[in-house]
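> everything below, folded, please.
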Amino acid sequence: MSGIVLSSSVRQNLLSLQSTADLLATTQNRLSTGKSVNSALDNPTNFFTAQSLDNRASDINNLLDGIANGVQVLQAANTGITSLQKLIDSAKSIANQALQTTVGYSTKSNVSATIAGATAADLRGTTSFASATASSNVVFSGAAGGTTAATGTTTLGATIGSFASTGATAGDGTTALTGTITLIATNGTTATGLASNAQPADGDTLTVNGKTITFRSGSAPASTAVASGSGVSGNLVTDGSGNTTVYLGTAGTPAANVNDLLTAIDLASGVKTVSITAGAATIATSVGQTASSAAGGAVTLKSSTGADLSVTGKADLLKALTLTTAVGGGNATVNVNRTTSSGSLGATIADGSTLNVDGHVITFKNAPIPGSTGAPSVPSGYGASGNVLTDGNGNSTVYLQAGTVNDVLKAIDLATGVQTATVNANGTATLATATGQTNSSINASGQFKISTGVNADLSITGTGNALNALGLAGNTGTATAFTAARTSGVGGITGKTLTFSSFNGGTAVTATFGDGTNGTVKTLDQLNTKLQANNLTATIDANGLLTVSTTNDYASSTIGSSAAGGAIGGTLTSSLTFSTASSPVQDTVAQTSRANLVNQYNNILNQIDSTAQDSSFNGVNLLNGDQLKLVFDETAKSSLSITGVTYNSKGLGLAALTSGVDFIDNAATNKVLTNLNAASSTLRSEASALGSNLTIVQVRQDFNKNLINVLQTGSANLTLADTNVEAANSQALSTRQSIAVSALSLANQSQQSVLQLLR
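As a prediction, the model looks like this:
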């Protein structure tokens, strides 16, 4: 080959073609690989730098799987904590059920002693009380001017009211009305009866001072045929309480007359009284009263001294008696009012009014005192004194027709205990002033001086108008009660001290009895305030029995025991005999219920253990003491170590309960609740820590992903080819190669010419 001789132009063209081919090969390699640096020969610096970046990105990428597993381990632990929290809440619910269950003991441990006269308002007991005096408003008589003070002899009843008609006639219009005129006519004639439109019919009624007069046709029944408690007198049947039936007879044989009607009205108004024996009624005019009458054509209605008179009935009937001008079958009313005088109170007391004095009732009644002339006899078990009828126990009735201010004061004293009454067999009552007491009175100014007595503070309330009429309705006359306090003496245990040592960890008690000031104890509430801090409570009954017992929280403990403490002492124990502290008595039903709750609680603990055991991922359990280590970079210099916890029941500080020991009272239950609350707080704290760690891991996971992208991008920037440039180069080199081939062909043409010459 060395013998071959090429021209310089051919050689030059060959070299150019070879160079173009080499460049074209390089360009095509870059286009095919997409890289401008494919080996260290291309660019050693960029090649090895890119390789280092790729290697680091690969190493970090290999760590991502471990980080992802770590995230799942943390989430598994967090799921376990959530479930454990729910189980703890269920256990709390069971403990709260135990608190709401009936106390497990029917009788709690207690000590007791009786303090004579002690009440919840004053535990000191009563050794003495002094009676105080309370003054009423001025009570006036009915004298003209309204300024004359009442006295003890001022009567409660007033002057009899009288109403006389202008003159009435029988049904014929000419015969003067008399008491013997019948209420219905004979055989249609009117001279012997009222006018036909005025005649009462069967079932008609009159209302007199709230009592009912009923008209019936036919004859009155025999005494043996009347209802029990009622009595018959002529044409009348009365129940003894002012309600009367008037038997009219028939048109052929009229019976009841005007006098019968007036008698019925007087029975209802209290002007007349009735005594009933074996169905027979004996009617008499009350002492000091005037009966209603009819004579000479005039009908005269009389009120009693004890009440005004009100008659309501058919207008035509009342008009026939010329008592009203109203006509028709509807009702009309006739009122006959009393008048006051210097001998009576200026304000009359309404029939039926009452006073309630310290829980005892005084009733004002429009009637004569039982046992007086013409009045019914005294009921069994009651006794009369003046115009007061008493049951001997402080309840009285004051009779208005002849009663006086002194009778009212007497009844008040019987209610307060200032006076006592002995009921005698003959229906009388013997009154005596209690030792050391002063009877109530009325002074010269007309004021009641009411003794409160020593049994209770004075309290007087009333119905009707009694409070106002007697000056007991306050300065404005609108008060609904009249009250006054008795003077209290020093209580029996004043200055005495009651002590209890610390009971079940409570605060020891020192209670000094006094007036309730300067730290002393007077009331039951004040004593309980001191006892509460020592897990004790006190009660007192109506007999003064003070009992100190354990609270529901420590119902299973015994006061003064070596285990619970609470020994009783102080100077009060030397003054009073306290009982020996009793042992608590279990309530079988309640304890059975609490034992069932113990079993339910223990089942929850088993579920806590199994849940903690199952909270693992890929063999790692952060709730069972395992440790999780996560590496975040290729040098292992950046990492996170998470130490696991043991959150089974024991790890959370929860122990299985024992029936008969736990949940037996509220204190034992509250201890369990305290542990559950602590476990709940522990779980919340760990959940917070896991959440914080999970956030760190997730942040590093995202960081590594982004860093890998940065490294790979940096590597690509060092080695990747610009395809646009390389494509242009490839096109240019292809063109150059074609030109070089053409040039080489031209260079060879001279040699071909020589060859042609040789041929």
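> isn't residue 84 up against residue 647?
Yes - Residue 84 is within contact range of residue 647, at 6.2 Å (criterion: Cβ atoms under 8 Å). C-beta: built from backbone N, CA, C; applies to glycine.
> joint contacts of these two?
The overlap between the contact sets of residue 84 and residue 647 (Cβ atoms under 8 Å, 6 or more residues apart in numbering) consists of 612, 623, 683.
> measure residue 418 to residue 355 for me?
For residue 418, the distance to residue 355 equals 15 Å [Cβ to Cβ, to the nearest Å].
> and if you look at residue 422?
Distance, residue 422 to residue 355, using Cβ to Cβ: 23 Å.
> of the two, which one has the most company?
Shown here are residue 422 and residue 355; by other Cβ atoms under 10 Å, residue 355 has more neighbours (26 against 12).
> now stretch 496-508 - C-alpha only, PDB.
What follows is stretch 496-508, C-alpha atoms only, in PDB (Å, rounded to 0.1, in the frame of the first residue of the first chain):
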ATOM      1  CA  LYS A 496     -69.100  23.300 124.300                       C
ATOM      2  CA  THR A 497     -66.700  21.900 121.600                       C
ATOM      3  CA  LEU A 498     -67.100  18.800 119.400                       C
ATOM      4  CA  THR A 499     -64.100  17.400 117.700                       C
ATOM      5  CA  PHE A 500     -63.400  14.700 115.100                       C
ATOM      6  CA  SER A 501     -59.900  13.600 114.100                       C
ATOM      7  CA  SER A 502     -59.100  13.300 110.400                       C
ATOM      8  CA  PHE A 503     -61.500  10.800 108.800                       C
ATOM      9  CA  ASN A 504     -60.200   9.200 105.600                       C
ATOM     10  CA  GLY A 505     -57.700  11.900 105.000                       C
ATOM     11  CA  GLY A 506     -60.200  14.800 105.600                       C
ATOM     12  CA  THR A 507     -59.600  17.900 107.700                       C
ATOM     13  CA  ALA A 508     -60.000  17.400 111.400                       C
END
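> can you map out the strands along the stretch 251-400 of the chain?
Ranges of strands within the stretch 251-400 of the chain are 272-277, 280-285, 293-295, 298-302, 309-314, 331-336, 354-357, 360-365, 383-385, 388-390, 396-399, based on DSSP state E, counting those that start in this stretch.
> for these, give me JSON lines that also has distance to residue 321.
Output for the strands of the stretch 251-400 of the chain, formatted as JSON lines (distance: least, Cβ to Cβ, whole Å):
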{"stretch": "strand 272-277", "distance to residue 321": "18"}
{"stretch": "strand 280-285", "distance to residue 321": "20"}
{"stretch": "strand 293-295", "distance to residue 321": "8"}
{"stretch": "strand 298-302", "distance to residue 321": "5"}
{"stretch": "strand 309-314", "distance to residue 321": "10"}
{"stretch": "strand 331-336", "distance to residue 321": "9"}
{"stretch": "strand 354-357", "distance to residue 321": "35"}
{"stretch": "strand 360-365", "distance to residue 321": "28"}
{"stretch": "strand 383-385", "distance to residue 321": "37"}
{"stretch": "strand 388-390", "distance to residue 321": "35"}
{"stretch": "strand 396-399", "distance to residue 321": "30"}
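> from the shared contacts of residue 84 and residue 647, pick the one nearest residue 170.
Using Cβ to Cβ, residue 683 comes nearest to residue 170 of the shared contacts of residue 84 and residue 647, at 106.8 Å.
> buried sites along stretch 534-550?
Residues of stretch 534-550 classed as buried: 534-538, 540, 544, 546-550 (neighbour count, 16 or more other Cβ atoms under 10 Å).
> tell me the two of those residues that are most distant?
So, the buried residues of stretch 534-550 by Cβ to Cβ: farthest apart are 535 and 544, at 24.6 Å.
> A strand includes residue 412, no?
No - counting by DSSP: H, G, I helix; E, B strand; the rest coil, residue 412 is not found in a strand; it is helix.
> quick one: the residue nearest the centre of the chain from residue 575, how far?
With the centre of the chain defined as its mean C-alpha position, the nearest residue by Cα atoms, centre = their mean is residue 100, 17.6 Å away. Residue 100 sits 41 Å away from residue 575, going by Cβ to Cβ.
> same check, this time on residue 548
For residue 548, the distance to residue 575 equals 15 Å [Cβ to Cβ].
> so how many other residues sit close to residue 172?
For residue 172, the neighbour count with other Cβ under 10 Å is 13.
> that one belongs to a strand, doesn't it?
No - Residue 172 is assigned coil when assessed by three-state DSSP, not a strand.
> phi and psi next, for it.
Main-chain dihedrals, residue 172, degrees, to the nearest 10: phi -80, psi -10.
> which parts of the chain belong to which domain?
Segmentation of the chain into domains, based on automatic domain parsing, reads 1-18+721-759, 65-103+589-708, 106-127+491-585, 162-336, 343-483.
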